[in-house]
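Novice: The following comprises the amino acid sequence and a computationally predicted model.
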Amino acid sequence: MKVRTRFAPSPTGYMHIGNLRTALYEYLIAKANDGDFLLRIEDTDQKRYVEGATDIIYSTLKTVGMDWDEGPDIGGNYGPYIQSERKNIYGEYAHKLVELGGAHYCFCSKDEADEEKNEELNIKFKDPCKLIPLEEAKKRIAAGEPYVIRQTINKKGKSKYHDEVYGDIEIDYDELDEGVLLKSDGLPTYNFANVVDDHLMKITHVVRGNEYISSTPKYNLIYEDFGWEHPLYVHVPPVMKDAQHKLSKRNGDASFQDLVTKGYLPEAIINYIALLGWNPGTEQEIFSLDDLKKIFTVERLNRSPAIFDITKLTWMNGCYIRALSEEKFHELAKPYYNDMPSNIDLKILSKTLQPRVETLGDIPNQTDFLKSVPEYDLELYSNKKMKTDAEVAKANLPSILETLSAQSEWTNEHLFEILKGLAEKMGVKNGQILYPLRIALSGKETTPGGATEIAVIIGKDETLKRIKSAIQKLD
RNA sequence: GGUCCCAUCGUCUAAUGGUUAGGACAUCACCCUUUCACGGUGGUAAUAUGGGUUCGAAUCCCGUUGGGAUCACCA
């Protein structure tokens, strides 16, 4: 049987990392087995619907390269793929389930149901409507009385099922709630829609958060009542913000889009989250999506929650940035070169920046001094190792200015040789020339590149200008 | 509270009864070096806890502790 998985988000806002990871695992299970990955939009709760949310889902999946084989936009043999468009299907199956004895009509209001149960005393809602004869219930419905369809659970004893990650799960039928399957607005709840759709769409592996572990027996009951075979279950642990809290939209935790905006590469994000809860069993850590497709197995999925560690993602992102071609990096870096002086050769700048940034978002901070030298303290000229300070700078900068003025070949290699020669001639250490020069040109303690590299980037005119003003400042 | 799930360095994880408990990030030191990075070398750092089973336990069993999930006309 062909493996088929589905990503079934509800369009309630942006894509958070946990969500994306679930989608990734679903995608990988399908693709590792030469199967189909489908996209289904679960929008049965109109109250929570957020405009534009489906577009974010589409664009995110496309950006990371997780192409779906069937979905709302491209169709397929099992559509429609938007649940609100499947209303009639659910209605039909829900009434059928009532006939089969797996559900019943309920006329209680939500408040009545809430009143009857008591969480502290652990009293569950016992639906009095269960006792209404089916014929009478149908008459009331025909008379226009509002109703919902609730699951009927009469079984006793232990419900058992196997989860591909957590192993055998056993839950007492008494623990199960007779939840609403079809709401009074005629739309199904997740509890019902996921079963009907997963069956109709021939889903073989249901991958979802482990918060569904304890409600899965309810779904299995529905599968049984219909005489359907249930899918394989792959429950995955949550992605956490810290030891206590899940990563969540509500707390404004980083979404995929936020990370991209901060200068993280989609490939790095995918690589990192794949490893949050899964490992290949080898010591390799860098994987493209195509690599993952080849080696992913559910057996190596983890059971315990994983904390999202931005520091490690940042490191990994740095690896991806360094692996980029010069051209590609330059292209990605360009948007971050806002109001850069026009005389600057951005290609050379990109080349020096590439090994020095871990995210593209680092670029503005690293390059701000190119526009103008920031205010700095003369203490900056002090460096023990280089045996230099403001006095040394004051003494050497004029000769540096004179030497550089005379140069026409404005390349890193040439300037470096010339300045080394100058140091030798003056009988001082290289650092006593280069360090003060770098400070004079940048006004910063750390810079992307050494003195001559910066000189080349800002150009000869600007270099001489900055040395002059540094000399003034030292006086 | 009932039920279910989880528990190895700070973090992500490897080790499916026999390892000096391995790797990666972070951190520290050193090397490289015109700063900073990159790169290289090395260090610090973990089996929550108490019992059992076994010649032998991170690994199997039970208890304890800690954490999480669930108990919606949300998914």
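Specialist: Sure thing, it's come through.
Novice: For the residue of the stretch 301-450 of chain A found nearest RNA strand B, what are phi and psi?
Specialist: Per C-beta to the nearest atom of the strand, residue A:450 is where the stretch 301-450 of chain A lies closest to RNA strand B, at 2.3 Å. C-beta coordinates here come from the backbone N, C-alpha and C atoms, glycine included. In terms of degrees, to the nearest 10, the main-chain angles of residue A:450 are phi -90, psi -170.
Novice: List the residues that contact it.
Specialist: By C-beta atoms under 8 Å, 6 or more residues apart in numbering, residue A:450 lies in contact with A:434, A:438.
Novice: any idea how far it lies from residue A:411?
Specialist: According to C-beta to C-beta, to the nearest Å, residue A:450 stands 14 Å off from residue A:411.
Novice: follow-up on the earlier one: for the residue of the stretch 301-450 of chain A closest to RNA strand B, give me the pLDDT.
Specialist: As predicted, residue A:450 sits at a pLDDT of 90.
Novice: now do residue A:77
Specialist: 96.
Novice: Which element, helix or strand, includes the residue in chain A sticking out farthest from the centre?
Specialist: Most distant residue from the mean C-alpha position of chain A: residue A:425, 56.8 Å away (C-alpha atoms, centre = their mean). According to DSSP states H and E, residue A:425 maps onto helix A:412-426.
Novice: Which neighbouring elements make contact with that helix?
Specialist: Contacts defined by 3 or more C-beta pairs under 8 Å, 6 or more residues apart in numbering; DSSP states H and E place helix A:412-426 against helix A:390-405, helix A:430-442, helix A:451-458.
Novice: Out of the ones you listed, which is closest to residue A:268?
Specialist: helix A:451-458 (26.6 Å; C-beta to C-beta).
Novice: Mind listing residues that contact the closest one?
Specialist: By C-beta under 8 Å, 6+ apart, the residues outside helix A:451-458 that reach it are A:341, A:343-345, A:348-349, A:352, A:370, A:404, A:410-412, A:415-416, A:419, A:434-435, A:437-438, A:441-442, A:447, A:449, A:463, A:466.
Novice: Mark which of those are buried, thanks.
Specialist: Listed as buried from these are A:344, A:348-349, A:352, A:370, A:404, A:412, A:415-416, A:419, A:434-435, A:437-438, A:441-442, A:447, A:449, A:463, A:466; burial here means 16 or more other C-beta atoms under 10 Å.
Novice: How much space separates residue A:287 from RNA strand B?
Specialist: 13 Å (C-beta to the nearest atom of the strand, to the nearest Å).
Novice: That residue: helix or strand, and which one exactly?
Specialist: Using DSSP H and E, no helix or strand contains residue A:287.
Novice: and what of the one 3 residues further on?
Specialist: In the assignment (DSSP H and E), residue A:290 maps to helix A:289-295.
Novice: contact partners of that helix?
Specialist: A:28, A:31-32, A:64-66, A:267, A:270, A:274, A:280, A:287.
Novice: Give me the below-cutoff pLDDT ranges for the stretch 51-200 of chain A.
Specialist: Applying pLDDT under 70 to the stretch 51-200 of chain A flags residues A:112-123.
Novice: Determine the three-state secondary structure at residue A:66.
Specialist: Three-state assignment for residue A:66 (DSSP: H, G, I helix; E, B strand; the rest coil): coil.
Novice: wait, what's in contact with the nearest residue to it once chain neighbours are set aside?
Specialist: Spatial nearest neighbour of residue A:66, excluding adjacent residues (C-beta to C-beta, 6 or more residues apart in numbering): residue A:27 at 4.6 Å. Neighbour list for residue A:27: A:5, A:7, A:37, A:66 [criterion: C-beta under 8 Å, 6+ apart].
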